[in-house]
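Asks: the amino acid sequence is not available; the structure is as follows:
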């Protein structure tokens, strides 16, 4: 019998992988049961898998069909599920946020923007990360618990925390 150390995240003693640990996700692990794509990782998203998503981790922002691969699984908010559907439906290869590794609508999370884009505060076309305007700061209602950037909507950030 092989004994396993207790998982530092969930205290599980069975061998498993967490979406919250990117180093554990580098190798392809299986074929997608939803679309049939071969050798995909746990981060793979396709329309069928997005439809089946039931959980997300508020600590890292990642999503999963079942709770076992997330450190602190919570029911996925319907709005987040709809955003993921839109993100993967719009383009053949969706934009993947480099911080949370989730599919996002362009220009992406504030944590990993794709330039150019229109600032939601002042409507100026932005071409670099060094833009912050008073209008954006006034409208900001969330902060990312990973990178500390501000967002107007919770969907602008990987792991949003509401500002008080």
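Replies: Great, that's in hand. In this text, all values refer to a predicted model and were calculated from it rather than measured experimentally. Numbering: from 1, shown residues only.
Asks: what is the mean pLDDT for the helix ranked longest in the chain?
Replies: Counting by DSSP state H, the longest helix found in the chain is helix 78-90. Helix 78-90 carries an average pLDDT of 87.
Asks: give me the sheet partners of whichever helix or strand comes after that helix and which way each runs.
Replies: Next helix or strand after helix 78-90 toward the C-terminus (DSSP states H and E): strand 95-96. Sheet pairing for strand 95-96, assigned by DSSP bridges, gives strand 103-104 (antiparallel).
Asks: and the partner strand, how far from the chain's centre?
Replies: Relative to the centre of its chain, strand 103-104 is centred 7 Å away, using CA atoms, centre = their mean, to the nearest Å.
Asks: same check, this time on stretch 122-138
Replies: 23 Å.
Asks: list the buried residues in that stretch.
Replies: By neighbour count on 16 or more other CB atoms under 10 Å, the buried set for stretch 122-138 is 126, 131, 136. Just so you know, the C-beta spots here come from the backbone N, C-alpha and C atoms, and that holds for glycine as well.
Asks: where in the protein is pLDDT low?
Replies: Scanning the chain with the threshold set as pLDDT under 70 gives 1-18, 22-28, 91.
Asks: for it, which segments count as helices?
Replies: Applying DSSP H to the chain gives helices spanning 47-52, 78-90, 134-139.
Asks: ok, and what's touching the last one?
Replies: The set of residues that contact helix 134-139 without belonging to it, under CB atoms under 8 Å, 6 or more residues apart in numbering, is 119-122, 150, 152.
Asks: do the same with the longest one
Replies: By CB under 8 Å, 6+ apart, the surrounding residues in contact with helix 78-90 are 45-47, 50-51, 53, 56, 63, 94-95, 102-106, 155.
Asks: OK, contacts around residue 47?
Replies: Going by CB under 8 Å, 6+ apart, residue 47 touches 34-35, 85, 88-89.
Asks: restricted to buried residues, select those in ChimeraX.
Replies: One line in ChimeraX is enough to select the buried ones among the contacts of residue 47; burial here means 16+ other CB under 10 Å:
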select :34,85,88
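Asks: show me which of the contacts of residue 47 is closest to residue 73.
Replies: Checking the contacts of residue 47 against residue 73 by CB to CB gives residue 34 as the nearest, at 19.1 Å.
Asks: wait, which of the buried residues of stretch 122-138 is closest to residue 75?
Replies: Residue 75 has its nearest neighbour among these in residue 136, at 30.8 Å by CB to CB.
Asks: domain boundaries for this protein, per the record?
Replies: What automatic domain parsing lists as the domains of the chain is 1-106, 107-164.
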